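**Q** Got a predicted structure plus its sequence, pasted below:
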Amino acid sequence: MNLKEQILNTNITDDQAAIWYLGQESMLIKCKGKYILFDPYLSDYVDRVCSSEEIVWARRYPVPIDPSELEFVDYVFLSHDHEDHCDPDTLTPFAKANKKAKYFCPPNAKGTLNRCGIDDKNIIFCYGGKEVTLDDIKVLPVPAAHEELHYDADGNFMELGYTVSVGDISFFHSGDMCPYDTIDEYITDCNVAMIAINGRDEYRLAHGIEGNFDASEALEMAHKMHADILIPMHFDLYDVNSVPMGELANVMENEKAFIPNHVFMPGERYIYMR
């Protein structure tokens, strides 16, 4: 059984969600008959376009599924207009194969989506702190400080995380996010917290690599959200912007602060039960 067949044939009850990790911050969720895709990065676009003499980007594992196989996805959430989160080599074949999906994104991502063949009628612009309801899902966009908060020419946040509720099950996806002074204004409880943990430092920032929560900050965030489980992201795809797989476990042991968690292998499935 290939990954697409596994996704489609996974049977869950109404108090369960099936979650697949597709690499970097790409998460696919099946819940209450809906398929939700976060930050799909299913190509080697970064390797080909972003590498330089100083920083070489090279995927550590192959893409778990071809984006053209995801014609069943209902909703796509894009946190910001960076290559590994709003990837033209993923979105173009995905949009060609999937005509029904709705895309949630900050307004500054519109140009990339249009160039990928995505029509405005399928795009829902999201604004930090302003709730959106569509069909059976409720969305709270959370401003994301990618090192710091960035604004477009109209004063809208350029990077977002999302708290997405499907009935009585809620998911938080951080996007690329660091702590900032007013973050508590946007935090709500969630069941599943998916948070980047690769951290940040001056060397990476000097080379154009804006950072994220470290494992300690992600752990604190998940506790603030009273999450049932913490899923770390953005830790394993690129050597130049990663942390060891056991980083979260080490932090919990050192800080004596624990939370249920799951560290994924690429393409792995996890079943959450509320």
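**A** Alright, I've got the coordinates.

**Q** which stretches of the stretch 51-200 of the chain form helices?
**A** Listed in chain order, the helices of the stretch 51-200 of the chain (DSSP state H, counting those that start in this stretch) span residues 88-97, 110-115.

**Q** Most tightly packed of those?
**A** Across these, averaging neighbours per residue (mean count of other Cβ atoms under 10 Å) puts helix 88-97 on top, at a mean of 20. C-beta coordinates here come from the backbone N, C-alpha and C atoms, glycine included.

**Q** what about that helix, distance to the chain center?
**A** What separates the centre of helix 88-97 from the centre of its chain is 17 Å, taken as Cα atoms, centre = their mean, to the nearest Å.

**Q** May I have that helix as CSV, with CA atoms only?
**A** As requested, C-alpha coordinates have been extracted for helix 88-97 and formatted as CSV (Å, rounded to 0.1, in the frame of the first residue of the first chain):
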residue,chain,number,x,y,z
PRO,A,88,5.6,26.8,-6.5
ASP,A,89,6.9,23.4,-7.5
THR,A,90,4.4,21.9,-5.1
LEU,A,91,1.5,24.2,-5.5
THR,A,92,1.5,24.2,-9.4
PRO,A,93,1.0,20.4,-9.8
PHE,A,94,-1.2,20.3,-6.8
ALA,A,95,-3.5,23.0,-8.1
LYS,A,96,-3.6,21.3,-11.6
ALA,A,97,-4.8,18.0,-10.0
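
**Q** Which residues does that helix contact?
**A** Contact with helix 88-97 is made by 40-45, 66-71, 73, 76, 101, 112-113, 115-118, as judged by Cβ atoms under 8 Å, 6 or more residues apart in numbering.

**Q** Can you flag which of those belong to strands?
**A** When DSSP state E is applied, the contacts of helix 88-97 are split such that V76 fall in strands.

**Q** For ChimeraX, write the selection for the buried entries among the contacts of helix 88-97.
**A** To isolate in ChimeraX the members of those that are buried, counting by 16 or more other Cβ atoms under 10 Å, one can use:
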select :40,41,42,43,45,67,69,70,73,76,101,112,113,116,118
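
**Q** For the helix or strand bottoming out on mean pLDDT in the chain, which outside residues touch it?
**A** Of all regular secondary-structure elements in the chain, judged by mean pLDDT, DSSP states H and E, the least confident is helix 202-206 with a mean of 87. Outside of helix 202-206, the residues within contact range by Cβ under 8 Å, 6+ apart are E147, E210, G211, V240, N241.
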